[in-house]
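>>> next input, structure requested:
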Amino acid sequence: MSFAATFSRATRGMQAPPVRVEAHLGNGLPAFNIVGLPETAVRESRDRVRSAILNSHYAFPSDRRLTVNLAPADLPKSGGRFDLPIALAILAATGQLEAGALEHMEFLGELSLDGQLRPVRGALLAAQAAADASRPIVVAAGNAMEAALPEHACALPARQLCEVVAHLSGGERLTQAPRIVKTQSNAGGTLAEVRGHHAPKRALVIAAAGGHNLLMHGPPGTGKTLLARCLPNLLPSLSTAEALDVAAVHSLAGRLADGLLPGRPFRAPHHSATAAALVGGGSDPIPGEVSLAHQGVLFLDELPEFARSVLENLREPMESGTVVIARARARAEFPAAFQLVAAMNPCPAGRDCRGGVTCVCPSDALRRYQSRLSAPLLDRIDLQVEVPAVPVDVLAAASRSETPGCADEDTSARSAVAAARRIAFERQGMANARLGPRATEQICRPDAAGLELLERAAARMGLSARGWHRTLRVARTLADLQDSLQIGRAEIAEALAFREQFGAAQRPATARNQ
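Numbers count the residues shown, from 1 in each chain. Predicted structure coming up:
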């Protein structure tokens with residue numbers, strides 16, 4: 001037989017569209033061509049496949065014209081994931097393998113020159129799509145654990161090309177990988193490690209309970225990064241469905257280790273990160289930091305040091321929970337339901353301008369520094385809290401072990417967060433921060449006194465419609481933390497206090513003109 005076909009999976013955003021791999025042997029000058037919109041790594045598979053077949057002691061048709069087609073032709077193909085199906089289609093086309101054995105299976109894997117199978121990214125998505133199509137999928141042994149994670153998936157791991165051929169020829173059978181669902185615990189610090197800072201800790205608990213974005217500002221060395229790293233530990237563990245959702249993103253990025261379901265992600269990119277690194281990109285779009293932080297925390301330290309054009313890319317994902325990357329030949333959509341936690345200094349020099357230390361920054365430099373954060377971006381941050389320097393007596397007392405860290409503080413905070421989240425999910429099926437405008441008006445309605453206070457504050461502070469709704473959502477979270485059905489004046493007042501912190505910090509008592 002001079003023709004054979006089998007099936008594989010490409011990647012397109014969070015989808016794994018099917019690819020039919022066809023091999024045909026024809027007359028003419030000896031050649032090996034791959035068609036079907038292959039990118040460089042796919043075209044290079046010609047040399048890998050030829051060497052793998054020969055080194056596995058099979059015959060390669062060097063005296064015939066060999067054409068491999070990856071259909072559909074208008075779908076871009078990238079990576080070495082098609083090496084295994086190409087090799088099997090060639091073996092079937094040359095009569096070394098029964099072509100009918102390839103019809104009801106899918107294959108995914110990169111080949112080394114000696115015929116070994118190497119893992120590829122996105123195996124979890126491919127296994128899920130194959131399970132939906134009721135087909136088993138053969139993968140490299142390195143992809144076995146993640147390919148077995150989707151429910152009803154039938155993943156058959158192999159280490160060598162010859163093992164796959166033996167299985168298809170009726171020889172030694174490949175064994176289905178067992179489905180082992182193990183979720184990593186949330187990483188992060190503990191509140192017991194933080195000295196003082198009662199207001200920032202309170203803001204952290206509110207952010208965890210409602211899924212709100214948080215901005216901390218203060219001089220260097222006051223504990224902003226330490227506080228941010230406490231947030232994942234306050235969040236409840238991911239459900240199996242949520243963990244699979246996160247694992248799919250990490251698998252697509254090639255970051256899923258040992259097939260374990262991840263805990264709450266904590267991503268902290270450097271301020272030199274580009275827009276593509278932050279939101280994703282490339283000719284074959286891959287997830288960026290906002291998607292790798294899906295269902296977790298995206299921490300941006302030294303927020304004004306990021307390029308303003310980079311930060312502006314966060315605005316849409318912060319609202320919609322997804323990021324869309326559009327290219328001339330491809331359009332990909334990735335999940336990005338992250339919590340933004342940001343930290344910044346009060347001025348470029350990092351001085352505590354409000355604590356009696358004279359600021360040395362010229363007014364123009366200070367204005368440029370603060371103008372890197374646009375009003376639309378700040379409007380999307382629900383909680384803004386100052387993290388002042390820790391008093392010396394508190395540090396000295398901690399060194400004398402007079403005020404040891406209390407583990408009960410973390411336990412009580414996690415319990416409060418879990419209870420508030422449970423109330424919110426039983427009421428509306430999502431965190432308070434994810435409520436839309438109409439749901440906010442229905443669920444976050446304050447009493448008469450609270451509404452009157454909000455009206456006066458909105459006029460004084462110049463709240464936008466977005467700011468109005470976000471204040472109500474924070475107030476709803478505060479009520480949930482107290483297990484209260486009604487949003488009152490106290491909840492509105494506290495929500496407003498957290499919203500205008502940054503504005504107050506921009507009015508230092510010391511003069512800046514030089």
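
>>> around Ala133, count how many other residues there are.
As a burial measure, Ala133 scores 13 neighbours (other Cβ atoms under 10 Å). All C-beta spots, glycine's among them, are computed from the backbone N, C-alpha and C.

>>> residues in contact with it?
Neighbouring residues of Ala133 by Cβ atoms under 8 Å, 6 or more residues apart in numbering: 18, 106.

>>> just the one 3 residues further on next, same as before
Listed by Cβ under 8 Å, 6+ apart, the contact partners of Pro136 are 105-106, 130, 154-156, 176.

>>> ok, which stretches of the stretch 251-400 of the chain are helices?
Per DSSP state H, counting those that start in this stretch, the stretch 251-400 of the chain carries helices over the ranges 275-279, 289-292, 308-312, 315-320, 363-371, 375-379, 392-399.

>>> what does the third one contact?
Applying Cβ under 8 Å, 6+ apart, the set of residues contacting helix 308-312 from outside is 273-275, 278, 303, 372-374, 377.

>>> gap between the residue nearest in space to the middle of the chain and Ala248?
In the chain, the centroid-proximal residue (Cα atoms, centre = their mean) is Leu292; its distance is 2.0 Å. Using Cβ to Cβ, to the nearest Å, Leu292 is found at 12 Å from Ala248.

>>> pull the longest strand from the chain.
In the chain, assigned by DSSP state E, the strand with the most residues is strand 18-26.

>>> strands paired with that strand, and their directions?
Applying DSSP bridges, strand 18-26 is found paired with strand 3-9 (antiparallel), strand 65-71 (antiparallel).

>>> show me what the first helix or strand past it going along the chain pairs with in its sheet, parallel or antiparallel.
As assigned by DSSP states H and E, the chain's next helix or strand after strand 18-26 is strand 31-35. Neighbouring strands of strand 31-35 in its sheet, by DSSP bridges, are strand 65-71 (parallel).

>>> need the contact partners of the partner strand.
With Cβ under 8 Å, 6+ apart, strand 65-71 has contacts from 19-38, 42, 77, 82, 86, 89-90, 93.

>>> now with 7 Å, please.
With contacts defined as Cβ atoms under 7 Å, 6 or more residues apart in numbering, strand 65-71 is touched by 19-36, 38, 77, 82, 86, 89-90.

>>> how about stretch 159-179: buried residues?
By neighbour count on 16 or more other Cβ atoms under 10 Å, the buried set for stretch 159-179 is 159-165, 167-168, 174, 177, 179.

>>> separate out the buried members of the contacts of helix 308-312.
Applying 16+ other Cβ under 10 Å to these flags 273, 275, 278, 303, 373, 377 as buried.

>>> off-centre distance for the longest strand of the chain?
Its chain's average C-alpha position is 35 Å from that of strand 18-26, according to Cα atoms, centre = their mean, to the nearest Å.

>>> residues in contact with that strand?
Outside strand 18-26, the residues that touch it by Cβ under 7 Å, 6+ apart are 2-10, 61, 64-71, 77, 82, 85-86, 89-90, 93-94.

>>> next secondary structure after the lengthiest helix in the chain?
For the chain, the longest helix by residue count, based on DSSP state H, is helix 407-428. As assigned by DSSP H and E, the chain's next helix or strand after helix 407-428 is helix 437-443.

>>> my guess is the residue nearest to the centre of the chain meets Ser251, correct?
No - in this structure, Leu292 is not within contact of Ser251 by Cβ atoms under 7 Å, at 11.2 Å.

>>> of the contacts of strand 65-71, buried ones?
The buried subset of these (16+ other Cβ under 10 Å) comprises 19, 21-25, 32, 34, 36, 38, 77, 82, 86, 89-90.

>>> from these, which is closest to Thr222?
Proximity to Thr222 was ranked across the buried ones among the contacts of strand 65-71 by Cβ to Cβ; first place goes to Lys77, at 50.9 Å.

>>> circling back to that earlier point, quick one: buried ones out of the contacts of strand 18-26?
Buried among the contacts of strand 18-26 (16+ other Cβ under 10 Å): 4-10, 61, 64, 66-70, 77, 82, 85-86, 89-90, 93-94.

>>> returning to that earlier point: whichever of the contacts of Pro136 end up buried, select them in ChimeraX.
Of these, the buried ones can be selected in ChimeraX as follows, counting by 16+ other Cβ under 10 Å:
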select :105,106,130,154,155,156
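
>>> this completes my enquiry, with thanks.
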